[in-house]
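Chemist: for reference, the sequence and a predicted model appear below.
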Amino acid sequence: MIINSINAYEEAQKVIPGGVDSPVRAFKGVGGTPIFIDKGEGAYLFDIDGNKYVDFVQSWGPLIFGHADKDIEEAVIQTAKKGLSFGAPTLLETKLASLIVDMFDGIDKVRFVSSGTEAVMSAIRLARGVTNRNDIVKFIGCYHGHSDSLLVSAGSGLATFGTPSSPGVPADLTKHTLLCEYNNIENLRRCFSDSNDIACVIIEPIAGNMGLVPASIEFLTEIRRLCDENGALLIFDEVMSGFRASIKGACGVVDIKPDIITFGKVIGAGMPVGAFAASKEIMSHLSPEGPVYQAGTLSGNPVAMAAGIASLEKLQANPSIYETLGKKAKYLVGGLKTEAQKAGIPLQTDTRGSMFGFFFCEYMPTNFAEVGKCDFARFAKFHQEMLKEGYYFACSQYEAGFICDAITYEDIDGCIEAARRVFSKL
């Protein structure tokens, strides 16, 4: 029963738009009432009704070691005792930046911000400042935050200038955003043919915002070539895949180097933090060294920095964790697919490191349009029934799932057995 969550949702709607502070949390994609969380411990969430769930969301990715990890928790507590925010430099910023620089090839400097949205917004401004160009290219289905120039919808052409996809976004702010189909290189060639003013191409190299849909190696290789040929910068949005697909994110999976990388809350172990990073040549354009302005009072917040240091140091000390997490992810989706097949239900699955995804359809989607052809009603019913069984999956077919280190094979076996019962109802 979720009586307390139902009551809490009703109360929240009186003072918060839609009752939530981020739209997907409202469960509109799966129906029912969102559960209100009381606490998390390791692999598990506990709602305000006392129900326990195995958590395959992990705060949308960053909690590699699960909820309330003791080492990270201790780092946060000790740092918070010294003060929550200074708006001034601390040694923690340099230490976390150095850890990230040491892990990634081609990165010399890092600028911290407070969210993935802010990181991407700032990276695009930097790319425009470096190239002295205006247009950007993004791919339909890739989500890069809610800044104005990235809230765009496709027109009727294969590759088209974007139009606003949300009220409140002036057309003038999206007219420089060109849209292409994911995994379709001909679209990108057309964009470069249509415009000689492209500053950058931004992509989720492992898309996690249309479900898990990785870009093909051939696609990424050609994007890199076209950017080099046309003097544009390539931005990898690793807000979701960074430190998830591998210790080097997508860059550790594909041998392709972007010019700029953006990170999200994973570098702060779930704290509100983001960053963008590049070579010293590119980053020298940023204020106060260069003319491209970017600032933030909470940038480099000491508590978030301490959490990130604790998390990344644990990863560095135990690099084999990625093999372990990857095996668990494959074990989970392999079991789900087997049980779905037994029930005569088409299910497509994939993993990248500790990221996983599944779609109720006949063939694995390769772009946003193909994801849209999947059986969303069946996904919604699956989500509802698995929640009753005690398994918390992302509340949208358009979101990836995540394995944390605290999830055990016993947890996964229980999930697969629950899925067997649920599939029999679908």
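Modeler: Structure's in. What do you need?

Chemist: ok, residues contacting stretch 96-113?
Modeler: Residues from elsewhere that reach stretch 96-113, judged by C-beta atoms under 8 Å, 6 or more residues apart in numbering: 93, 119, 122, 247-249, 251, 257-258, 261, 263, 267, 273-280, 283, 286, 294, 296, 299-300, 305, 308-309, 312-313, 316. Heads up, the C-betas are built off the backbone N, CA and C, glycines and all.

Chemist: put the buried members of those into a ChimeraX selection.
Modeler: In ChimeraX syntax, the buried subset of these is picked out as below (16 or more other C-beta atoms under 10 Å):
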select :93,119,122,247,248,249,251,258,261,263,267,273,274,275,276,277,278,283,286,294,296,299,300,305,308,309,312
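
Chemist: next step: the contacts of stretch 96-113 restricted to helices.
Modeler: Using DSSP state H, 93, 119, 122, 280, 283, 305, 308, 309, 312, 313, 316 are the members of the contacts of stretch 96-113 that sit in helices.

Chemist: identify, from these, the entry nearest to residue 420.
Modeler: Nearest to residue 420, judged by C-beta to C-beta, of those is residue 312 at 38.0 Å.

Chemist: separation between the closest one and residue 64?
Modeler: Here residue 312 is placed at a distance of 10 Å from residue 64 (C-beta to C-beta, to the nearest Å).

Chemist: any common contacting residues for the two?
Modeler: Common neighbours of residue 312 and residue 64 (C-beta under 8 Å, 6+ apart) are residue 243.

Chemist: let me see the contact set for the one residue sitting closest to the centre of the chain.
Modeler: Nearest to the geometric centre of the chain sits residue 240, at 2.5 Å (C-alpha atoms, centre = their mean). Contacts for residue 240 (C-beta under 8 Å, 6+ apart) come out as 60, 61, 204, 206, 208, 209, 264, 355, 400.

Chemist: confirm it sits in a helix?
Modeler: No: per DSSP: H, G, I helix; E, B strand; the rest coil, residue 240 lies outside any helix segment and is coil.

Chemist: so for it, what pLDDT did the model give?
Modeler: Looking at residue 240, its pLDDT stands at 94.

Chemist: with residue 157 instead?
Modeler: Per-residue pLDDT puts residue 157 at 40.

Chemist: got it, and residue 150?
Modeler: 84.

Chemist: now residue 160
Modeler: 47.

Chemist: just the ones of the contacts of residue 240 in strands?
Modeler: 206, 355 (DSSP state E).

Chemist: just the buried residues from the contacts of residue 240, in ChimeraX please.
Modeler: ChimeraX command restricting the contacts of residue 240 to the buried ones, with burial defined by 16+ other C-beta under 10 Å:
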select :60,61,204,206,208,209,264,355,400
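
Chemist: out of all of them, which helix in this protein is the longest?
Modeler: Ranked by residue count under DSSP H, the longest helix found in the chain is helix 321-342.

Chemist: in that helix, which residues are buried?
Modeler: 321-322, 325-326, 328-329, 331-333, 335-337, 339-340.

Chemist: likewise stretch 210-225?
Modeler: 210, 211, 212, 213, 214, 215, 219, 220, 223, 224.

Chemist: okay, how far is it across that stretch, tip to tip?
Modeler: End-to-end span of stretch 210-225 (C-alpha to C-alpha, to the nearest Å): 25 Å.

Chemist: stretch 58-73 too?
Modeler: Per C-alpha to C-alpha, stretch 58-73 runs 16 Å from first to last residue.

Chemist: now that stretch: mean pLDDT?
Modeler: Rounded mean pLDDT across stretch 58-73 is 97.

Chemist: repeat for stretch 385-401
Modeler: Mean predicted lDDT for stretch 385-401 stands at 96.

Chemist: in it, what counts as buried?
Modeler: Within stretch 385-401, the residues that qualify as buried are 385-387, 390-401, counting by 16+ other C-beta under 10 Å.

Chemist: report the two of those residues separated the most.
Modeler: The most widely separated members of the buried residues of stretch 385-401, counting by C-beta to C-beta, are 390 and 398 (23.5 Å).

Chemist: give the contact list for residue 119.
Modeler: So residue 119 contacts 113, 145, 239, 262, 263, 264, 274, 275, 276 (C-beta under 8 Å, 6+ apart).

Chemist: what would the residues you listed look like in a markdown table with distance to residue 180?
Modeler: Shown next, in a markdown table, are the contacts of residue 119 (distance: C-beta to C-beta, whole Å):
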| residue | distance to residue 180 |
| --- | --- |
| 113 | 26 |
| 145 | 18 |
| 239 | 20 |
| 262 | 19 |
| 263 | 24 |
| 264 | 23 |
| 274 | 25 |
| 275 | 26 |
| 276 | 22 |
